[in-house]
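S.K.: show me the folded form of this:
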Amino acid sequence: MEIENARILATLTVGEFKQVMSDMGADKNKEEEKPHTYVYGIPGIMELFHCCRSTAQSLKATVIKEAVSQTGRKIVVDVEYARALFKAKKPYKTIW
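M.R.: Residues are numbered from 1 along each chain as shown. Next up is the predicted model:
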């Protein structure tokens, strides 16, 4: 049921008002469905990308830098954002 934009709010029935409110909540729930997942530290990056320690440190400092949050010695990496950054990186040029 489509409600016109020019309609006065006071003229809505209870059912129409409930529908408008549920439609507003439906949009909000779509955004909240996906919880963020995180990995912690260099071992977490190693496990995420299946690489050695030196490669994980290199990735942390360059490619996935925006997905990394570090406070002191605590390192937190947003998994989905790190994967998106890694996927979007340009491949290295080879000499061959």
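S.K.: the residue most distant from the middle of this protein, which is it?
M.R.: Computed with Cα atoms, centre = their mean, the residue of the chain farthest from its C-alpha average is residue 11, at 40.3 Å.
S.K.: confirm that residue 75 sits in a helix.
M.R.: No. Under DSSP: H, G, I helix; E, B strand; the rest coil, residue 75 falls outside any helix and is assigned strand.
S.K.: so how far is residue 21 from the residue farthest from the centre of the chain?
M.R.: Distance from residue 11 to residue 21, counting by Cβ to Cβ, to the nearest Å: 16 Å. To be clear about C-beta, it is placed using only N, CA and C from the backbone, and glycine gets the same treatment.
S.K.: if we can go back for a sec, just the pLDDT for the residue farthest from the centre of the chain.
M.R.: Listed pLDDT for residue 11 reads 84.
S.K.: please renumber so the chain begins at 12
M.R.: Happy to do that; since the first residue is 12 now, the last one works out to residue 22.
S.K.: roughly how far apart are it and residue 66?
M.R.: From residue 22 to residue 66 the distance is 64 Å (Cβ to Cβ).
S.K.: on that earlier part again, quick check: the residue farthest from the centre of the chain vs residue 92, distance?
M.R.: Separation of residue 22 from residue 92 (Cβ to Cβ): 46 Å.
S.K.: next SSE after the helix or strand of the chain with the lowest mean pLDDT?
M.R.: Least confident helix or strand of the chain, by mean pLDDT, DSSP states H and E, is helix 25-43 with a mean of 73. Next helix or strand after helix 25-43 toward the C-terminus (DSSP states H and E): strand 49-51.
S.K.: what packs against that following strand?
M.R.: Applying 3 or more Cβ pairs under 8 Å, 6 or more residues apart in numbering; DSSP states H and E, one finds that strand 49-51 makes contact with helix 52-60, strand 85-89.
S.K.: can you put the ones you listed in a markdown table and add distance to residue 46, mean pLDDT and mean neighbour count?
M.R.: What follows is the helices and strands packed on strand 49-51, written out as a markdown table (distance: least, Cβ to Cβ, whole Å; pLDDT from 0 to 100; neighbours: other Cβ atoms under 10 Å):
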| stretch | distance to residue 46 | mean pLDDT | mean neighbour count |
| --- | --- | --- | --- |
| helix 52-60 | 17 | 95 | 17 |
| strand 85-89 | 11 | 95 | 16 |
